[in-house]
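Trainee: got a sequence here, can you model it:
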Amino acid sequence: MNLSTLRSKVVFAVTAVAIIVSLGSAGHAQAQSAAANPLQGLREFLSSSIDVQRRHHRQLMAAPQVVGTAVGLTEDGKPAIKVYTKSAALAGIPATLDGVTVEVEETGEFHAIAAKNTFTSARTRVRVNPAVLFTRPVPIGVSTGNAGECSAGTIGARVKDSSGNVYALSNNHVYALENSAALNSQVLQPGLFDTNCSFNPGNVIGTLSNFVPLNFSGNDNTIDAAIAASDIFQLGKSTPSNGYGTPRSATVSAFVGQKVKKYGRTTSLTSGQVIGINAIVMVGYGSGTAQFTDQIVVSGRKFILAGDSGSLLVTSTGNNPVGLLYAGSSNGRTAIANRIDLVLNALGVTIDGN
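Mentor: All right, here's what the predicted structure looks like:
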């Protein structure tokens, strides 16, 4: 075997390890079947890198410019601790931690990204405008919001409970207004931001049914999610015609290098790649800053902008749900997503898809 072939096999093996290690609770059966895999030793090696990240996270976050950390891969396929920073002007970050490579990436701060009347919402020119009023049943991936605020986010998916009741899935900060909205408050399509803050009762598609409260006191968050009770006459389960169509009901776990896409209110259909798992990030909201753990980091050109909050992250082929997007950098190149299994388990629903 020549050196080039050996290098290719090593890179492939380590990348495969990332797939195995990134499996969450929703992928437990897959993890069980992988247990006898000859890559078991390498899987444990990557798990050790996650342990190193967790041990040193507080030390890394002590630098004022650091906004998060994650575990990813170097260009040559080796495990790495990723450190995300506000700017490039940063000193004192070690090149390695406990033998694991540390890579610094300037992302800027992360913010929850619903479009509000205090923001200028950039728009990509598209054949179908996801910010307008749609004929009922409305598609997923389009403008939505709570009637209590002039803002707009994105309908991520139609979900259903064990009794077959259907709901619109989005973020807490889109539907529950950062914990401040009352249950049964009205949810609209499009959101008020896209109707010049003018309420029209004909735009109601449902009512706020459930949400996971956001914590701004320093305790960890894992999801930013909420659902609105609706019905099949008000809410469809596919994107508009220029989107990816209908997501699969079967979810998959994120892994580093995974090709993904999303359809959202502002940037419509965009593609990216998972660059970090097990991310611990600080995210800015109107109510304060919240720390999130066990997040997915995605990179892509203008992948997500203000108004895309709530978009469903799916695989580039197969349309399997991976995560729920809720935050990103101001330039749109770095996005943060909750693990979709954590979202669905917390809300007691499943994706209503193919």
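
Trainee: got the contact list for residue 214?
Mentor: The neighbours of residue 214, taking CB atoms under 8 Å, 6 or more residues apart in numbering as the test, are 172-173, 178-179, 221, 224, 285, 287, 290. For the C-beta atoms, the positions are set from N, CA and C on the backbone; glycine is no exception.

Trainee: assumed residue 58 was part of a helix.
Mentor: Yes: under DSSP: H, G, I helix; E, B strand; the rest coil, residue 58 falls within a helix.

Trainee: from residue 233, how far out is residue 143?
Mentor: 19 Å (CB to CB, to the nearest Å).

Trainee: neighbours around residue 99, how many?
Mentor: Number of residues near residue 99 (other CB atoms under 10 Å) recorded here: 9.

Trainee: I'd like the numbering to begin with 28 instead of 1 from here.
Mentor: Fine by me, first position is 28 from now on; the one you just mentioned is residue 126.

Trainee: circling back: just the buried ones from the contacts of residue 241?
Mentor: Among the contacts of residue 241, those buried by neighbour count (16 or more other CB atoms under 10 Å) are 199-200, 205-206, 248, 251, 312, 317.

Trainee: in JSON lines, list those along with secondary structure, pLDDT and distance to residue 219.
Mentor: Listed next are the buried ones among the contacts of residue 241 as JSON lines, based on DSSP: H, G, I helix; E, B strand; the rest coil; pLDDT from 0 to 100; distance: CB to CB, whole Å:
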{"residue": "199", "secondary structure": "helix", "pLDDT": "98", "distance to residue 219": "17"}
{"residue": "200", "secondary structure": "helix", "pLDDT": "98", "distance to residue 219": "14"}
{"residue": "205", "secondary structure": "coil", "pLDDT": "98", "distance to residue 219": "16"}
{"residue": "206", "secondary structure": "coil", "pLDDT": "98", "distance to residue 219": "19"}
{"residue": "248", "secondary structure": "strand", "pLDDT": "98", "distance to residue 219": "26"}
{"residue": "251", "secondary structure": "coil", "pLDDT": "98", "distance to residue 219": "20"}
{"residue": "312", "secondary structure": "strand", "pLDDT": "97", "distance to residue 219": "18"}
{"residue": "317", "secondary structure": "strand", "pLDDT": "98", "distance to residue 219": "24"}
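
Trainee: rewinding a little: who has more neighbours, residue 170 and residue 260?
Mentor: Neighbour tally, residue 170 and residue 260, criterion other CB under 10 Å: the higher count belongs to residue 170, 30 against 10.

Trainee: tell me who's in contact with that one.
Mentor: By CB under 8 Å, 6+ apart, the neighbours of residue 170 are 157-159, 179-181, 216-218, 220-221, 292, 334.

Trainee: highest neighbour count among these?
Mentor: residue 181 (37 neighbours).

Trainee: bridging residues for that residue?
Mentor: Residues in a beta bridge with residue 181, per DSSP bridges, are residue 170.

Trainee: pretty sure it sits against residue 200.
Mentor: No: between residue 181 and residue 200 there is no contact under CB atoms under 8 Å: 11.7 Å.

Trainee: isn't residue 84 up against residue 97?
Mentor: No: here residue 84 does not reach residue 97: they are 10.0 Å apart, not a contact under CB under 8 Å.

Trainee: what sits in contact with each of these two?
Mentor: Joint contacts of residue 84 and residue 97 (CB under 8 Å, 6+ apart) are residue 307.

Trainee: who has more neighbours, these two?
Mentor: Each of residue 84 and residue 97 has its neighbours counted (other CB under 10 Å); residue 97 has more, 25 against 18.

Trainee: got the contact list for the more buried one?
Mentor: 80, 108-109, 111, 302-308, 322, 324.

Trainee: next one: residue 311 from residue 94, what distance?
Mentor: Distance, residue 311 to residue 94, using CB to CB: 9 Å.

Trainee: list residues touching both of the two?
Mentor: Contacts common to residue 311 and residue 94, judged by CB under 8 Å, 6+ apart, are 136-137.

Trainee: more neighbours, these two?
Mentor: residue 94 (21 against 15).

Trainee: got the contact list for the nearest residue to residue 271 once chain neighbours are set aside?
Mentor: Among residues not flanking residue 271 along the chain, residue 346 sits closest, at 5.5 Å (CB to CB, 6 or more residues apart in numbering). By CB under 8 Å, 6+ apart, the contact list for residue 346 reads 271-275, 380-381.

Trainee: correct me if wrong, but residue 346 is in a helix.
Mentor: No: the assignment for residue 346 is coil, going by three-state DSSP, so no helix is present there.

Trainee: what about the stretch 28-177 of the chain, any weak spots by pLDDT?
Mentor: Within the stretch 28-177 of the chain, the segments meeting pLDDT under 70 span 28-73, 116, 144-154.

Trainee: can you give me the helices in it?
Mentor: Secondary structure of the stretch 28-177 of the chain (DSSP state H, counting those that start in this stretch): helices at 30-48, 55-61, 67-88.

Trainee: in stretch 255-266, what counts as buried?
Mentor: Neighbour counts over stretch 255-266 (16+ other CB under 10 Å) mark 255-257, 261-266 as buried.
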